[in-house]
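*Asks:* The sequence and its predicted three-dimensional model are supplied below.
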Amino acid sequence: MSTAPILFSLEKTVPICRIQLYRDVVCKEKYGPLDRVWICPGHVFVSVRDGRQLYTFDTKNTTQDENKGCLDLQNLDPPLLEVLSYDANQSVYIVQQNGYVQCWKFRADRIWILEQEFNICNSNRSEVTSVCLHPTHNTLYWCEKRTTSSSGQSVFCICRRKITNGEETVSEHELGPVEAIMHNICLCHLHPLQHGLAIVIKSKPPLVSMVIYWNQSSNSVTMYSGPYTLVVENSTSSQAFDFTSLAFKFISISIQVRNKYAMLGYAYNTQKMELTIIEEGSVMRRLSAGSRMCDKLNEVQLEVGADKIEKGATWFCHQGNLGLLHKTKLLLFDMDSGKLVNSIAPQEGSVFLGMCNTSPASVVSAVYTGDNVYVIMKQKKKEEWDFSTTSSLKDFQTTALHIAHLEQEKTDNPSTKVKQSLSHLKQTWQKSKDQKPGTKLAEIVAPYLEEYWKLENISTEAFQPSKLACPTCVEDEVLHILDPNSSLLMSDRHARLLSLAHSNPKQVLAVLESQMEFDTDDISAAQIQRWQCILAPDVSVSPVSSDVAVPMFEHICRLLYKLEPKKLMQFVKICQMINDQKVGVSAFIRKRQAIHYYERAVVCIQDIDDVVTSPDSAQAFVSLLLASKQEHCETRALQFYLDAGQWELSLDLLRDYCDNSQLHFLLFHRLLDKFNKEDVLTDYAVMVFSMMPNIKSLSSVTELIINMAYISA
């Protein structure tokens, strides 16, 4: 099944410690507008107030809800520049714009501790403009802006400093020296590549943008601009490159690319350590550094016009796709073909502010708006299922799934073709039903298939209401079903009767009522045996009489409840009375085998879910429920009234139990709570509070509350 990307709120994706503070900082912007967000395994870092405050939100583990020691930094001056995650050591390097670095480690006991503090700049007048941590070199690389005291002009220099020894953090005096890699460089951005460093210089035309790949092992640089490259070796391994000299050597290429191949942006893949350049004309070039200076440099045309790319848009890599983040939409392109694969819009009323920085060990991509952080995740697409193709493979052990599919088609769009397909399957089943099942699954399903085909044998005319439009036809059909001399099976009779009752309920009820008289309490002895057969359970027939072949108690209860609820209680009362007057059965046996028709009627009516409860039907059901004398029937009766919105009836029921103090208290509490929740208490306040219970002692109150809790449970 194919998938499509979708945005999920970060707090719903991972369990975050200090969730209320997270919502205050991110969602409510209580401490100022969001500045930047960093995500690494187990941690989320959020800066606000233009980088002057940093909050850390760790994810919860299975043994502890919250952390003991949290990493929050206030009043950072100068502001924060970057949070660099060193995943192998569970550490982060927090770098400020003046080059001041703090190394914090997340210990096994879930406490952040400060391990190192140092400055990577040699002068107080210096400023760091870009910084990165190489995960395999264990080295910090940064671009440093230096201002000379004499002329006041600024120059840029790229430097490095080894900060760790494998997985061990070294002390400040053991840190490696600061080494210059390139002098007199332009303003640039730095990113680690496998064997070195990518230096991205994005200039405005007519100046030329370029990417410089510095190889640490060979101390050489490869300069890229458009499709052109230039490799420059450094004869002295200890000497830094001079960008002015490199630019002079690159001048012939610069002339060729000056009016084309302008850089629109770039995306860096932290997992693959790969750089993707997007040029004018929506051309994408991917650059990755292997053992050689240039291992891959290819060109792909993106399916987007350059005029549709917003100024200042952000590019990023996400699970084999190239992403373009605008304020009002997020576009994803296939990295191999350049085709647009998806477009995602922010939540209504929001705009995208930027991408979250992720560490090499993080496998997610995330964006943030002014009031939330969203993770880009995949969601399965719902696809149409071509069952005709699937079923033709004949890989199924039984025909059950095929039958289910055809039954659904018969319901949604009945046709001759569907009927013919079912008929063909039936013939196949009849030929093979006596054969031994070939698999365990076929053996389990076989009884269900047999039952299905038995039901299919029922005459289809009974399920076609259009053929039974005439009331006389309905009456004849019902009488035919009830005829004890009919050859129809019991299951066939019930199925036909249910279908008729569904399509012609009034006519069916009239016929059923004609089979018995229950308007009076005086039932003759001659009628008792006939009634006992009629009132047998649906699943069996009483052999006492053959006058009526189909038990009708449940059928009549359902129809009376829907059409004539005022007659329902009288009908069930007669049924119960006849049951209690069985002839020739001892009192002991009667007590053990007696059928409680009030309970049976309650169960039958509870299964009806397509009827709007009227005051008459509500009263009929509650009368049956109370007559059944089931446990807590009074509480259930009141709850039924309340759920049905029958406020006057619920008050009448409460009034009936005012003499029973404990029950009155329970019912009053339930009624008062429901009235209050449904905002109808003010309409019935006088009636409600006129029936307020009179509590005489503290002990009685305690006892009632305990009983109330027990019943509610």
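*Replies:* Yep, it's here.
*Asks:* who does Gln301 bridge with?
*Replies:* Per DSSP bridges, the residues bridged to Gln301 are Val283.
*Asks:* buried set for stretch 615-622?
*Replies:* 617-622 (16 or more other CB atoms under 10 Å). The way it works is simple: take the backbone N, C-alpha and C, and place the C-beta from them, glycine included.
*Asks:* then that stretch to CSV, C-alphas only?
*Replies:* What follows is stretch 615-622, C-alpha atoms only, in CSV (Å, rounded to 0.1, in the frame of the first residue of the first chain):
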residue,chain,number,x,y,z
PRO,A,615,-43.0,9.4,25.5
ASP,A,616,-45.3,6.5,25.0
SER,A,617,-42.5,4.1,23.9
ALA,A,618,-40.3,5.3,26.8
GLN,A,619,-43.1,4.7,29.3
ALA,A,620,-43.7,1.2,27.8
PHE,A,621,-40.1,0.2,28.1
VAL,A,622,-39.7,1.6,31.7
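*Asks:* so what's Asp336 up against?
*Replies:* Counting by CB atoms under 8 Å, 6 or more residues apart in numbering, Asp336 touches Val300.
*Asks:* before we move on, the earlier item: Gly370: which of the buried residues of stretch 615-622 is nearest?
*Replies:* The shortest approach to Gly370 among the buried residues of stretch 615-622 belongs to Ala618, at 51.3 Å (CB to CB).
*Asks:* so what's Trp142 up against?
*Replies:* Trp142 neighbours (CB under 8 Å, 6+ apart): 95, 99, 120, 128, 130-132, 158-160, 190.
*Asks:* List the ones among these that fall in strands.
*Replies:* Among the contacts of Trp142, the members found in strands (DSSP state E) are 95, 128, 130-132, 158-160, 190.
*Asks:* gap between stretch 224-238 and the chain center?
*Replies:* 51 Å (CA atoms, centre = their mean, to the nearest Å).
*Asks:* quick one: contacts of it?
*Replies:* With CB under 8 Å, 6+ apart as the contact definition, stretch 224-238 has outside contacts at 208-213, 218-223, 241, 246, 249-250, 253-254, 256-257, 260-261, 277, 279, 285, 287, 293-294, 297, 299.
*Asks:* just to revisit the earlier point, of the contacts of Trp142, just say which sits nearest to His502.
*Replies:* Of those, the one sitting nearest to His502 (CB to CB) turns out to be Cys132, at 72.5 Å.
*Asks:* Grab the two from the contacts of Trp142 that are most spread out in space.
*Replies:* Val95 and Ile158 (15.0 Å).
*Asks:* how about Cys557, secondary structure?
*Replies:* helix (DSSP: H, G, I helix; E, B strand; the rest coil).
*Asks:* do the same with the one 3 residues further on
*Replies:* Following three-state DSSP, Leu560 is assigned to helix.
*Asks:* pretty sure it contacts Gln570?
*Replies:* No. Between Leu560 and Gln570 there is no contact under CB atoms under 8 Å: 9.3 Å.
*Asks:* Between these two, which is the more surrounded one?
*Replies:* Leu560 (25 against 15; other CB atoms under 10 Å).
*Asks:* which residue packs closest to the more buried one, ignoring adjacent ones?
*Replies:* Leu568 (4.3 Å; CB to CB, 6 or more residues apart in numbering).
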